[in-house]
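> my questions concern the predicted model and sequence given below.
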Amino acid sequence: QVQLVESGGRLMQPGGSLRLSCAASGRSLSSYVMGWFRQAPGKEREFVATISRSGGNTNYADSVKGRFTISRDNAKNTVFLQMNSLNPEDTAVYYCAARFAGLVAVAQTSSEYSYWGQGTQVTVSS
C-alpha cells in the first residue's frame, strides 16, 4: 500500500507561482509512475502531468504545458508540481496519484492509477 499526502495548495493571485508537494509513505516511490490530476467544481477530474520512475520522462496536459513542471525526489519519497503563470482556470483540487510502473513509463488516465491522495485546494483569484 502507498499512502499519499498532498500539500501546498492555497489562494493565489493570477500570474503567481506555487509548488505542490506529494509525500508518500508505505512503499518506496522509486517503483511507481506518478501523476498529478485536478478537479474543478462541476467538472470531471482531468490529467495534469505524469513522471516516470526515474524522472526522465514527463508528459503534460496541453493546458499546463510550458507553465507547470512535475519532478520527483525518490530519496525523499516526494513528488512536486511547480506551477507558474497561474490563471483562474487553474483553480481546482489537485490530486497526486501513483501506479506501480511495471512496463509503463508514464500514465495519463486516472484509471491507470491505484493510489490517490486526498487532494489540496488551489484557488487562483484576484
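In hand now; what should we look at?
> who does the residue most central in space within the chain bridge with?
The chain has W36 as the residue nearest its centroid, 2.2 Å off, counting by CA atoms, centre = their mean. Going by DSSP bridges, W36 is paired in beta bridges with A49, C96.
> was I right to think it contacts Y95?
Yes: with contacts counted by CB atoms under 8 Å, W36 reaches Y95, the gap being 7.0 Å. From N, CA and C alone the C-beta is placed, and that goes for glycine too.
> which residue is the nearest non-sequential neighbour of M34?
Residue nearest to M34 in three dimensions, not counting chain neighbours: V79, with 4.6 Å by CB to CB, 6 or more residues apart in numbering.
> gap between the one you found and S126?
29 Å (CB to CB, to the nearest Å).
> the more surrounded of the two?
V79 (29 against 7; other CB atoms under 10 Å).
> in terms of pLDDT, where does that one sit?
For V79, the pLDDT comes out at 98.
> quick one: it is in a strand?
Yes: under DSSP: H, G, I helix; E, B strand; the rest coil, V79 falls within a strand.
> name the residues that touch stretch 77-90?
12-25, 28-29, 34, 36, 38, 48-49, 51, 63-64, 67-73, 94, 96, 122, 124-125 (CB atoms under 8 Å, 6 or more residues apart in numbering).
> buried stuff in that stretch?
77-81, 83, 86, 90 (16 or more other CB atoms under 10 Å).
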